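> Fold the following.
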Amino acid sequence: MAINCGIVGLPNVGKSTIFSALTATPAEAANYPFCTINPNVGIVDLPDARLDFLSKTFETKRRVPATVEFVDIAGLVKGASKGEGLGNQFLAHIREVGVIAHVVRCFDNGDIIHVNNKIDPADDIETINMELAFADLDTVEKRIEKASRNARVMGKEEQKKAAGLLNALNKVKPLLENGKAARLADLTDEEKAALYDSHLITMKPMMYVCNVDEDGIQNGSPYIDTVKKIAAEEGSDVVVICGKFEADLAEMESEEERMEFLAEIGLKESGLAVLARAAYHLMGLRTFFTAGADECRAWTIHAGDTAPKAAGVIHTDFEKGFIKAEVYRFEDLVEYGTEAKIREAGKYRQEGKEYIVQDGDVIFFKFNV
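Numbering: from 1, shown residues only. Down below sits the predicted model:
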């Protein structure tokens, strides 16, 4: 799976504004559809209070956060799956990302054109989801035809693989025909694996991003409620962001100024910080830390990675010559204050090759090359 998050939605819902605030890299944004044709790509530092705590505790010289890659993809319109509004080109960009952040307009503003001339989050969501589903349906129908042919003419082993793929394709096809996502199908792990090479857009994890005005951030709105209801039915996450507010926040020079600005509307952190963390976890990524006076660093691994695999993220030699990992939980440092006291409490552990690294582990690797 690609390790990045694609930002999608109808034209003029605030995708590029949110992307620019996220990355502090100005993306082309204007009050007309299809302003963004080629996708903008930006790397975002992952906000993590744990890394801040480690850096202060060790009085480190260097602090290195984990990062998330975001891709700002041009607005889709009804008919995109048939090529409307450069749809084929934009859908190809979506196929290349790991997860999808679907931005939905949840604010009224007569000065900003809506492609359908009305604010209706449910209709907007249906439009995008149907176009993604219909694009996948075209892929599935072609794959069914090919797999059916292979099941007749290939050898026994290939016939078995083709039959497994056909079962999976026939499970997702009815959903796609009704504009629903393939990920909603009741698939076994084997069927999901069989579908992998089909690169279906709607198999990708998706979250909804409600782009609201400042009143929506403080008081909520029926628009937000609509999106949350749809997301709950799909089992998707929802993040609420005020794109304009986040853009203003990103332009502030000092952290103190930003925190005061957030406090004015009753927030403890930026909505973009919440979005970055949500995207990171939706991609199946987790963080472990190395900590010391010279450097405190957040390292990115996949959920379920073993200690040697995590060591290899630092350097391939660490994985090849892995001996053991000395591990404690971040929460142990918060509770006991120092590594020495963590040892005294018996919370400082030695783990071997089979250990599954947990999110928030602080690790010192021992290796031999």
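
> Can you show me the helices along the stretch 151-300 of the chain?
Ranges of helices within the stretch 151-300 of the chain are 156-177, 189-195, 214-219, 222-234, 243-250, 255-264, 271-282, based on DSSP state H, counting those that start in this stretch.

> and the nearest residue to Thr226 once chain neighbours are set aside, what is it in contact with?
Excluding its sequence neighbours, the residue lying closest to Thr226 (CB to CB, 6 or more residues apart in numbering) is Pro121, at 4.8 Å. The way it works is simple: take the backbone N, C-alpha and C, and place the C-beta from them, glycine included. Residues in contact with Pro121 (CB atoms under 8 Å, 6 or more residues apart in numbering) are Val104, Arg105, Cys106, Cys210, Tyr223, Thr226, Val227, Ile230.

> C-terminal to the lowest-mean-pLDDT helix or strand in the chain, what's the next element?
Least confident element among the helices and strands of the chain, by mean pLDDT, DSSP states H and E: helix 87-95 (a mean of 69). Next in sequence after helix 87-95, counting helices and strands by DSSP states H and E, comes strand 99-105.

> Could you spell out the sheet neighbours of that following strand, each with its direction?
strand 5-8 (parallel), strand 206-211 (parallel) (DSSP bridges).

> can you list those strands in CSV and add mean pLDDT and distance to Val240?
Output for the strands paired with strand 99-105, formatted as CSV (pLDDT from 0 to 100; distance: least, CB to CB, whole Å):
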stretch, mean pLDDT, distance to Val240
strand 5-8, 91, 15
strand 206-211, 96, 5
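
> For Gly346, give me phi and psi.
With angles defined as degrees, to the nearest 10, Gly346 sits at phi 70, psi 20.

> For Ile323, see how far away the residue nearest to Thr226 is.
As for Pro121, its distance to Ile323 is 54 Å (criterion: CB to CB, to the nearest Å).

> Please apply the same query to Leu51.
Computed as CB to CB, the Leu51 to Ile323 distance reads 26 Å.

> Just say which of the strands paired with strand 99-105 is most tucked in.
Among these, the stretch with the highest mean neighbour count (mean count of other CB atoms under 10 Å) is strand 5-8, at a mean of 28.

> pull the CA atoms of that strand into PDB?
Provided in PDB are the C-alpha atoms of strand 5-8 (Å, rounded to 0.1, in the frame of the first residue of the first chain):
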ATOM      1  CA  CYS A   5      -3.000  10.300   1.800                       C
ATOM      2  CA  GLY A   6      -4.900  11.700  -1.200                       C
ATOM      3  CA  ILE A   7      -7.200  14.700  -0.600                       C
ATOM      4  CA  VAL A   8     -10.300  14.400  -2.800                       C
END
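
> Off-centre distance for it?
Mean C-alpha position of strand 5-8 versus that of the full chain (CA atoms, centre = their mean, to the nearest Å) differs by 8 Å.

> cool, and stretch 125-134?
Offset of stretch 125-134 from its chain centre (CA atoms, centre = their mean): 19 Å.

> same question, stretch 209-219
Distance, stretch centre to chain centre, for stretch 209-219: 21 Å (CA atoms, centre = their mean).

> Quick check: end-to-end length of that stretch?
From its first residue to its last, stretch 209-219 covers 17 Å (CA to CA, to the nearest Å).

> What residues of it count as buried?
Across stretch 209-219, burial judged by 16 or more other CB atoms under 10 Å covers Val209, Cys210, Asn211, Val212, Asp213, Gly216, Ile217.
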